[in-house]
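Trainee: I would like to see how this sequence folds:
(chains A and B)
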Number of protein chains: 2
Amino acid sequence: MDVLVPFAASRPKTRLAGVLGPDERAEFAEEMLYDVCCAVESTGASPMVLSTDPIESAWPVVVDDRPLTDAVNDRIEPPVAVVMADLALATPAALSRLLDADGDVVLAPGLGGGTNALLVRTPEFYVDYHGASIADHRRIATEVGTTTTVDSFRLAVDIDEADDLAEVLLHGDGRAARWLREAGIELETAGGRATVRRSTPR
Amino acid sequence: MDVLVPFAASRPKTRLAGVLGPDERAEFAEEMLYDVCCAVESTGASPMVLSTDPIESAWPVVVDDRPLTDAVNDRIEPPVAVVMADLALATPAALSRLLDADGDVVLAPGLGGGTNALLVRTPEFYVDYHGASIADHRRIATEVGTTTTVDSFRLAVDIDEADDLAEVLLHGDGRAARWLREAGIELETAGGRATVRRSTPR
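Mentor: Just a heads-up that it's a prediction; the model follows:
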């Protein structure tokens, strides 16, 4: 099965600016993309990077600089899955739960109402990534067929904010986690949820 | 199987102070406790509230005002599970994945390195809820037997901070979600992850 992996190649991960500089954010985003494509490929599916700009990649890349919703909707040819490029905790096991689930539409919610991964088996479904997209995707899916929701922590955590980096350090074992450690990003567990700090200046 | 549900009855959920007043936080915490105990009971297991202070409850309550780690360790008589009282998204299906999993120790990680739920089948295991407890619990579990990790978004989201309330509004369907709506808490989806706002003043 084809799995689209949308990737924002220009100025990625701006919400990590408090911890990582612009070049670092670009490097880290590419490491996450690599990890995600590896995990997808390990399930037996075929990753296809859907990038806003030309990039080098070990996997096929298609470039589309339109907004995410338009770029994805033009490429929904069932069966197809869409897996975000910043799911640094995604494992083949977690992705297999998505790809092997029954249903015309399979949804994996993300933190804060996002839709981090989905699988489409009916041409009538379309995406709308604006706002709390999981609510819209549930509604659209219900209108066009049967819906399954995958209950996965590893697919729910997209890496957008500094606190999310703690999840990569705690649960990741790919290139993104290694990159963070080598950049001197380490866990900070002062109280409440763990977050991160830099052990060395930028 | 007995399922301990630890509950901080005095001054609960202080990190929600930006959105909810003290009495509201206490009410909301009790609604979450109710939802969690209902979900546990629906799996066929027996909830036992482990409270820091005497409270009224439809389920058995044992009071222990010591720190969480001590209170839990004194009551690990396998098989036993520990499920936090603020898992407002927990469903019978998600809890069944915990309770039915193989392994001497079954762990469900929480956001920020917490351990939101666990199941113990060996008397040699003990808990240590200090810091990023999931890392410690993995280590302890590996020392005493086989370990399984449950990959669940619904068990990973504990309701500690204002942004977590958005998850309850998006994915909850119990008393806690209803309480929030009746208190005038609504989704705010300005950009990035959804959060919440009050539609009416306190």
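Trainee: Model confidence for A:G192, exactly?
Mentor: For A:G192, the pLDDT comes out at 87.
Trainee: which stretch of helix or strand covers it?
Mentor: A:G192 is part of no helix or strand, with elements assigned from DSSP states H and E.
Trainee: Any figure for the gap between it and B:L99?
Mentor: Separation of A:G192 from B:L99 (CB to CB, to the nearest Å): 28 Å. Where you see a C-beta, it was placed from the backbone N, CA and C, and this is true even at glycine.
Trainee: Compare those two (neighbour count), which wins?
Mentor: A side-by-side neighbour count of A:G192 and B:L99, using other CB atoms under 10 Å in any protein chain shown, places B:L99 first with 20 against 12.
Trainee: mind saving the C-alpha coords of stretch A:22-30 as CSV?
Mentor: Extracted as CSV, the C-alpha positions of stretch A:22-30 are listed here (Å, rounded to 0.1, in the frame of the first residue of the first chain):
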residue,chain,number,x,y,z
PRO,A,22,16.7,27.1,12.2
ASP,A,23,19.4,24.8,10.8
GLU,A,24,19.0,22.4,13.7
ARG,A,25,15.2,22.3,13.2
ALA,A,26,15.7,21.5,9.5
GLU,A,27,18.2,18.7,10.4
PHE,A,28,16.0,17.3,13.1
ALA,A,29,12.9,17.4,10.9
GLU,A,30,14.8,15.3,8.3
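Trainee: Identify each buried residue in the lengthiest helix in chain A, please.
Mentor: Among all segments of chain A classified by DSSP state H, the helix with the greatest residue count is helix A:22-42. By neighbour count with 16 or more other CB atoms under 10 Å in any protein chain shown, helix A:22-42 contains the buried residues A:24-25, A:27-41.
Trainee: Could you pull up the residues touching the residue nearest the centre of chain A?
Mentor: For chain A, the residue nearest the mean C-alpha position is A:M84 (2.5 Å; CA atoms, centre = their mean). Under the criterion of CB atoms under 8 Å, 6 or more residues apart in numbering or on different chains, the neighbours of A:M84 are A:5-6, A:36, A:110, A:116-117, A:158.
Trainee: just checking, which of these belong to helices?
Mentor: Within those, residues falling in helices by DSSP H are A:V36.
Trainee: Which of the contacts of A:M84 lies at the shortest distance from chain B?
Mentor: Of all the contacts of A:M84, the one sitting nearest chain B is A:G110; the distance, using CB to the nearest CB, is 8.2 Å.
Trainee: roughly how far apart are that closest one and B:A190?
Mentor: Distance from A:G110 to B:A190, counting by CB to CB: 17 Å.
Trainee: Next: A:R121.
Mentor: Taken as CB to CB, the spacing of A:R121 relative to B:A190 amounts to 33 Å.
Trainee: Pick out whichever of these two has more residues nearby.
Mentor: With other CB under 10 Å as the criterion, A:R121 and B:A190 differ in neighbour count, and A:R121 comes out ahead with 17 against 9.
Trainee: Hmm, that one is touching A:D102, no?
Mentor: No - counting by CB atoms under 8 Å, A:R121 does not reach A:D102; the two are 9.2 Å apart.
Trainee: how close does A:A176 sit to A:M32?
Mentor: Taking CB to CB as the criterion, A:A176 is separated from A:M32 by 5 Å.
Trainee: okay, and the common contacts of these two?
Mentor: Between them, A:A176 and A:M32 share the neighbouring residues A:88, A:159, with contact defined by CB under 8 Å, 6+ apart.
Trainee: Mind pulling up the pLDDT for the nearest residue to A:A29 once chain neighbours are set aside?
Mentor: Sequence neighbours aside, A:P12 is the residue nearest to A:A29 in space, at 3.9 Å (criterion: CB to CB, 6 or more residues apart in numbering or on different chains). Here, the pLDDT recorded for A:P12 equals 92.
Trainee: List the contacts of A:P12.
Mentor: Applying CB under 8 Å, 6+ apart to A:P12 gives the contacts A:25-26, A:29.
Trainee: and it, backbone torsions?
Mentor: In this entry, A:P12 is assigned phi and psi values of phi -80, psi 160 (degrees, to the nearest 10).
Trainee: now A:Y126
Mentor: Taking degrees, to the nearest 10, you get phi -140, psi 160 for the backbone angles of A:Y126.
Trainee: show me where pLDDT drops low in chain A?
Mentor: Within chain A, no stretch falls below the threshold (pLDDT under 70).
Trainee: related to what we said a few turns ago, what separation is there between the residue nearest to A:A29 and chain B?
Mentor: A:P12 sits 14 Å away from chain B, taking CB to the nearest CB, to the nearest Å as the criterion.
Trainee: Residue numbers of chain A in contact with chain B?
Mentor: A:15, A:93-94, A:97, A:109, A:111-114, A:131-132, A:134-135, A:151-157, A:160-161, A:163, A:166-167, A:170-171, A:187, A:189, A:192-195 (CB under 8 Å from any CB of the partner chain).
Trainee: Which among these count as buried?
Mentor: Neighbour counting with 16+ other CB under 10 Å marks A:94, A:97, A:109, A:111-114, A:132, A:134-135, A:151-157, A:160-161, A:163, A:166-167, A:170-171, A:187, A:189, A:193-195 as buried within the residues of chain A next to chain B.
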